[in-house]
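> below is the sequence, then the predicted model.
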Amino acid sequence: MARYIGPKTKIARKFREAIYGPDKGLEKRNYPPGQHGPNKRRAKQSEYSVQLAEKQKAKYTYGILERQFENLYKKASAKTGVTGEILLALCESRLDNTVYRLGIAPTRMAARQLVGHAHITVNGNVVNIASYQLRPGDRIAVREKSRSLESITLSLANRKKYDWLDWNDADKQGVFLSYPERVQIPENIREQLIVELYSK
């Protein structure tokens, strides 16, 4: 399986940012990994390396592989509007990401697992494809027999609210209201650098 399953802190240190959530390891060692530590002289980054790093950060953040990400970019560039913003909106509209945003799972990896194990329904039908693209008006719910799962209950107790999503706690059901605008997406990603990289 090509998906990254190694140490999360190592990736967070690479980008000097807690892309997987709060990270004590990153707080202790806020410098890139490597045997020479913080004293290593690092060459000045080229324009290409900065753009590539931003793309890699977006891929790791959303848990998307290279080919999937490239396909999302092609889809975003074919639409009218700002390509970078549309790209992030498409990433946000993935089923695994929406399950995470609704608070059903504490992380995107956990959300991916819930989707893969058929705990989630979309418009009343079980969907076990994490990359499933949601459309405005789609209803995302926890399957009735899965609602008592402790991991889901604990996660929902700490859920955050997002303007493009609506959640009904009684029915354990949410609605994908619309594609989010860039100002609504909290991720620290410079999408313009990704567009510049693919435009070369």
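Alright, I've got the coordinates. Numbering: from 1, shown residues only.
> which SSE is immediately downstream of the lowest-mean-pLDDT helix or strand in the chain?
One helix or strand of the chain scores below all others by mean pLDDT, DSSP states H and E: helix 24-28, with a mean of 64. Following helix 24-28 in sequence order, the next helix or strand is helix 47-62 (DSSP states H and E).
> check which helices and strands that following helix sits against.
When contacts are defined as 3 or more Cβ pairs under 8 Å, 6 or more residues apart in numbering; DSSP states H and E, helix 47-62 packs onto helix 8-15, helix 66-78, helix 83-92, helix 191-198. (Glycine included, C-beta is placed from N, CA and C.)
> make a markdown table from those helices and add mean neighbour count to it.
Listed next are the helices and strands packed on helix 47-62 as a markdown table, based on neighbours: other Cβ atoms under 10 Å:
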| stretch | mean neighbour count |
| --- | --- |
| helix 8-15 | 18 |
| helix 66-78 | 15 |
| helix 83-92 | 21 |
| helix 191-198 | 19 |
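> nearest to residue 51, out of these?
Evaluated over the helices and strands packed on helix 47-62, closeness to residue 51 peaks at helix 191-198, with 3.9 Å, by Cβ to Cβ.
> contacts for that closest one, please.
For helix 191-198, contacts defined as Cβ atoms under 8 Å, 6 or more residues apart in numbering pick out 48, 50-52, 54-55, 58, 70, 73, 77, 83-85, 87-88, 182.
> show me the contacts for the most centrally placed residue in the chain.
Nearest to the geometric centre of the chain sits residue 62, at 2.7 Å (Cα atoms, centre = their mean). Counting by Cβ under 8 Å, 6+ apart, residue 62 makes contact with 91, 94, 97, 108.
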